[in-house]
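# I would like to see how this sequence folds:
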Amino acid sequence: MASRARSGAALVAALAVLVLPGAAVAGEALWALLRGGGQVVLIRHAVTTPGVGDPAGMRLDDCATQRNLSDEGRRHAGQVGEAFRARGIPVDRVLSSPWCRCLETARLAFGSAEPWPPLGNLYGRPERRDAQVREMRALVGQPRAGGNLVLVSHGSTISALTGVSPGTAEIVVVTPGGDGRFAVAGRLTVHDRKRESRRSISRGATAPPGRPEPPMGGLGSARRPPCRGRPAGCRRLRTADDQHARPADLDALRRFPPGPRHHQPPPAARRDDDVLDPAGEHAPRHVPRSQRAAHG
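Here you go, the predicted structure:
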C-alpha cells in the first residue's frame with residue numbers, strides 16, 4: 001500500500017512536469033517526485049569562508065589550501081540531509097566534486113560520498129568544460145530504478161550542465177531522459193536564504209575596534225538601539241516621532257524626507273565561490289577587482 005501511494009505521488013509530480021514544460025515543480029510536489037526515486041539531485045556546496053574561486057597554490061590533496069565551509073555552511077549542509085530523511089527520500093549513491101567544500105557538504109548531509117572528478121570546479125578552467133559536461137551528461141541522462149543519485153558540485157559546474165545557477169546548498173532536481181538527455185524538474189532550498197542574508201548584514205554592521213560605527217539610516221553618528229518589538233539588529237529610518245532621534249536629525253528629515261530607495265537594506269556580500277549570481281543579491285562587491293582577476 002505504501003509503495004502504491006509513493007508511486008501515485010511520483011506520477012502526479014511527473015504529470016505536472018509534462019503539462020508545464022520548463023516550469024519548476026514547486027514544494028511538496030517536487031519532494032513527492034524525489035520520494036518516487038529515479039531522479040538525479042544536483043546540490044551546490046554550502047556557504048564557505050569569503051573568497052571567489054580558489055586561492056593561489058590550492059591543492060586538492062590539502063584542504064588547508066582551499067576555501068572550506070563556514071560554520072553557517074556546515075549548518076546548511078546538515079539541514080539538507082535532515083530534509084531528505086524527514087521526507088523519506090531514498091538515496092542510492094552520492095558522488096561529489098573532489099574539492100573539500102563539496103566533500104564536506106556531501107558527508108554532512110548524507111554521511112559519505114565518492115569523489116568524482118567530472119564534478120570538479122569549472123570556475124577559471126574553461127578548457128575543462130566540454131570534457132566534464134560530456135561525462136556528466138552521460139551519467140545524468142541514464143534512466144535509473146530505485147533511489148536517487150546525488151551529485152554535489154559547484155555553481156559553475158552545475159550551471160554548465162543544466163543552465164541553472166543555484167545558490168549555496170540549493171538543490172536542482174533533474175529527470176533522466178536517456179541517451180544523455182534530461183529535464184530540470186525544479187529547485188529546492190531547505191534553509192531561509194533571506195533570513196541568513198539579514199543575519200550576515202547584521203553581523204557585518206559592527207565597525208572595527210577604535211573606529212566609530214556608521215550611522216543608521218544615513219543620519220546622525222550614534223548607533224540606533226534595536227527597533228522596539230522587532231528582531232534585534234533590525235534597521236529602519238528615524239522618523240519625526242522617534243524618541244531616539246536628535247534635533248539635528250529631525251530637522252534634516254523635515255527638510256529632506258528620505259525616498260523609497262533608502263528603505264532597502266544593502267545587499268549581502270557574496271561569501272562563497274564560483275559563479276556570479278545574475279540576480280545581484282550575492283555579487284562579490286567586497287572582493288577587489290585585482291583579486292577577482294587573480295582567481296580566474
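# Not counting its neighbours along the chain, what's nearest P98?
Residue nearest to P98 in three dimensions, not counting chain neighbours: P115, with 4.3 Å by Cβ to Cβ, 6 or more residues apart in numbering. From N, CA and C alone the C-beta is placed, and that goes for glycine too.
# For burial, what's the neighbour tally of that neighbour?
Using other Cβ atoms under 10 Å, P115 has 15 neighbouring residues.
# Let me see the contact set for it.
Each residue near P115 by Cβ atoms under 8 Å, 6 or more residues apart in numbering is listed here: 95-98, 103.
# one more time with 10 Å, if that's ok
60, 95-99, 102-103, 106 (Cβ atoms under 10 Å, 6 or more residues apart in numbering).
# Which parts of the stretch 51-200 of the chain are helices?
For the stretch 51-200 of the chain, the helices defined by DSSP state H, counting those that start in this stretch occupy 71-86, 100-110, 129-140, 155-162, 193-203.
# Which one of those lies nearest to G51?
Counting by Cβ to Cβ, G51 lies closest to helix 100-110 out of the helices of the stretch 51-200 of the chain; the figure is 10.6 Å.
# Give me the angle between that closest one and helix 155-162.
With axes from the mean of the first three to the mean of the last three Cα atoms, to 10 degrees as the basis, helix 100-110 and helix 155-162 are set at 70 degrees to each other.
# Which strands or helices does helix 100-110 pack on?
Using 3 or more Cβ pairs under 10 Å, 6 or more residues apart in numbering; DSSP states H and E as the contact test, the elements touching helix 100-110 are strand 40-44, helix 71-86, strand 91-96, strand 114-115, strand 148-153.
# what lines up beside the last one in the sheet?
Counting by DSSP bridges, the strands paired with strand 148-153 are strand 40-44 (parallel), strand 91-96 (parallel).
# Quick one: these as TSV, columns for mean neighbour count too.
As requested, the strands paired with strand 148-153 are exported to TSV (neighbours: other Cβ atoms under 10 Å):
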stretch	mean neighbour count
strand 40-44	25
strand 91-96	19
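# which one of these lies closest to D192?
Of all the strands paired with strand 148-153, strand 40-44 sits nearest to D192, with 16.6 Å by Cβ to Cβ.
# quick one: average pLDDT of the closest one?
On average, the pLDDT along strand 40-44 is 98.
# Could you tell me the angle between it and helix 129-140?
Our comparison of strand 40-44 with helix 129-140, counting by the same axes, to 10 degrees, yields an angle of 140 degrees.
# which ones are touching L69?
Under the criterion of Cβ under 10 Å, 6+ apart, the contact list for L69 reads 45-49, 75-77, 100-102, 104-105, 108, 168-169, 272.
# Now do it against P90, distance only.
Relative to P90, L69 is positioned 26 Å away (Cβ to Cβ, to the nearest Å).
# So which of the helices of the stretch 51-200 of the chain is nearest A29?
The stretch from the helices of the stretch 51-200 of the chain with the least distance to A29 (Cβ to Cβ) is helix 71-86; that distance is 15.2 Å.
# Can you name every helix or strand that the closest one contacts?
Counting contacts by 3+ Cβ pairs under 10 Å, 6+ apart, helix 71-86 packs against helix 27-35, strand 40-44, strand 91-96, helix 100-110, strand 148-153, strand 171-178, helix 193-203.
# Which neighbouring elements make contact with the first one?
For helix 27-35, the contact count by 3+ Cβ pairs under 10 Å, 6+ apart identifies helix 2-19, helix 71-86, strand 148-153, strand 171-178, strand 181-188 as packing neighbours.
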